[in-house]
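Asks: the following block contains a protein sequence and its predicted model.
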Amino acid sequence: MIALACGAVTLLIAASLYAGFNTNLFGPERLCNDLLSSRGAEEITGISGRVSSEQGATRNSGETGLITDCTVRVRSEFPKKAGTLALQVLDEPADFPINDYGWATNADFSYFAGSGTGGVSDNAGWITLPRGCPSRALRIRAVDHSWHSEHARKEMAQALESAAARLSRDAGCAQRGAQDVELHSPSTRALNPNDACGLKGFVIPELARPDRYGQRETERISSLPNRIWTCDIRFKDTEVPQVTMAALQRESTDPSSAAPAGTMAPPSGRPVAKCGGNSTYLSIKASADYKWLIEKQRKASVADAESALFRAFIDGLARNWKCTVIRS
């Protein structure tokens, strides 16, 4: 009897330790001002364990940049794993998904439609908030790891959609529940330099097309109709795109997006087109390797190569998207 009692006590202690260190039984269910669930954090990181959060500095709405920053940590002791992610509420210029501002959107992203345009990759995700909201976007990003699965992307997209719906309701700028998210995954194929990136008649100028030891080029396209389109051109078996081109559509020009009309120069993403009645922001980004190859092969200066490629991109987009006004 004593042995049985000791065994029961041992099992109870072990169960308590496991619950304390390997589950979130004693932790909070909601995190980051109720924008993220502890289960959602576990599903995104792929770790089941203790979940904690830390609220960072808060800025006033209307100020460009970070408004709120919340760090979430998930830790498991058996086996020992840990993951950290940041959930941020931001107010950025209207072209933020395709411009620099620390977002780095490219054709590796899977895009989705919900309360706003959104996208997720292996280590970050974002969603725009409805028009009229005091902040413009939500972002989740990995702090110390990446999630290499379609399941993790789906969970991150759903977490962003739920957080955006809750934040919009609380701000009084939209009244509806979160929707189920459907991801539009990217596709990769051999580059057709005469109809590049799926745009008929988009011809890549010879001076803007460097050769890398005879390697074949591929194009990776990810898009959501009438919202966002991205295309990476890269050499086969390389992970970093040589060039990323992007187009983002809005219902109307946002005066908060700075830069007066007509001041755009590559690779800025200011509104340069009216396509199907929507303001369209464009962006083109070249990698350091692309610039090095252009300089090495002396076909043209880097500035001339980027300018020629950007103008060819504008012409191809205008032809395919029926754009009526182009500013460059």
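Replies: Good, I have the coordinates.
Asks: so where's the stretch 201-328 of the chain uncertain?
Replies: 251-272, 325-328 (pLDDT under 70).
Asks: if you set the cut-off to 90 instead, what comes out?
Replies: Within the stretch 201-328 of the chain, the segments meeting pLDDT under 90 span 210-216, 224-227, 236-240, 248-285, 297-300, 314, 317-319, 321-328.
Asks: now the helices for it?
Replies: Along the stretch 201-328 of the chain, the stretches classed as helices by DSSP state H, counting those that start in this stretch are 288-297, 302-321.
Asks: in the last one, which residues are buried?
Replies: Right, helix 302-321. 305-310, 312-318, 320-321 (16 or more other CB atoms under 10 Å). The C-beta positions use only the backbone N, C-alpha and C, and glycine is treated the same way.
Asks: just the shortest one next, same as before
Replies: When burial is assessed from 16+ other CB under 10 Å, helix 288-297 yields the following buried residues: 289, 290, 291, 293, 294.
Asks: which strands or helices does it pack on?
Replies: helix 302-321 (3 or more CB pairs under 8 Å, 6 or more residues apart in numbering; DSSP states H and E).
Asks: I would like the residues contacting the helix it packs on, please.
Replies: Outside of helix 302-321, the residues within contact range by CB atoms under 8 Å, 6 or more residues apart in numbering are 196-197, 199-205, 207-208, 243, 245, 247, 266-267, 272-273, 275-276, 280, 282, 284, 286, 291, 294-295, 299-300, 323, 326, 328.
Asks: quick check: angle from it to helix 288-297?
Replies: Angle, helix 302-321 to helix 288-297, by axes from the mean of the first three to the mean of the last three CA atoms, to 10 degrees: 120 degrees.
Asks: make residue 1 into 3 and carry on from there
Replies: Let's use 3 as the start, then, which means that last one is helix 304-323.
Asks: ok, and the closest non-adjacent residue to residue 191?
Replies: In space, residue 191 comes closest to residue 221 once its chain neighbours are excluded; the distance is 6.2 Å by CB to CB, 6 or more residues apart in numbering.
Asks: repeat for residue 207
Replies: In space, residue 207 is closest to residue 310, 4.3 Å off (CB to CB, 6+ apart).
Asks: and residue 113, by the same measure?
Replies: In space, residue 113 is closest to residue 226, 4.0 Å off (CB to CB, 6+ apart).
Asks: likewise for residue 161?
Replies: residue 42 is the one closest to residue 161 (CB to CB, 6+ apart), at 4.4 Å.
Asks: that neighbour reaches residue 157, doesn't it?
Replies: Yes - counting by CB atoms under 8 Å, residue 42 touches residue 157, with 6.8 Å between them.
Asks: does the closest residue to residue 34 other than its chain neighbours count as helix, strand or coil?
Replies: Distances taken as CB to CB, 6+ apart place residue 72 nearest to residue 34, at 3.6 Å, with adjacent residues excluded. At residue 72, secondary structure determined by DSSP: H, G, I helix; E, B strand; the rest coil is strand.
Asks: what's the local residue count around residue 72?
Replies: With neighbours defined by other CB atoms under 10 Å, the count for residue 72 comes to 20.
Asks: shouldn't it be in contact with residue 86?
Replies: No - Residue 72 lies out of contact with residue 86 (CB under 8 Å); the separation is 11.3 Å.
Asks: secondary structure element for residue 170?
Replies: Here residue 170, judged by DSSP states H and E, is contained in helix 152-173.
Asks: right, and the helix or strand after that helix?
Replies: strand 185-186.
Asks: list the helices and strands the helix or strand following that next one packs on?
Replies: The helix or strand immediately downstream of strand 185-186 is strand 189-192, counting by DSSP H and E. Judged by 3+ CB pairs under 8 Å, 6+ apart, the packing partners of strand 189-192 are strand 219-226.
Asks: helices or strands up against the strand it packs on?
Replies: Under the contact criterion of 3+ CB pairs under 8 Å, 6+ apart, strand 219-226 touches strand 112-115, strand 185-186, strand 189-192, strand 230-237.
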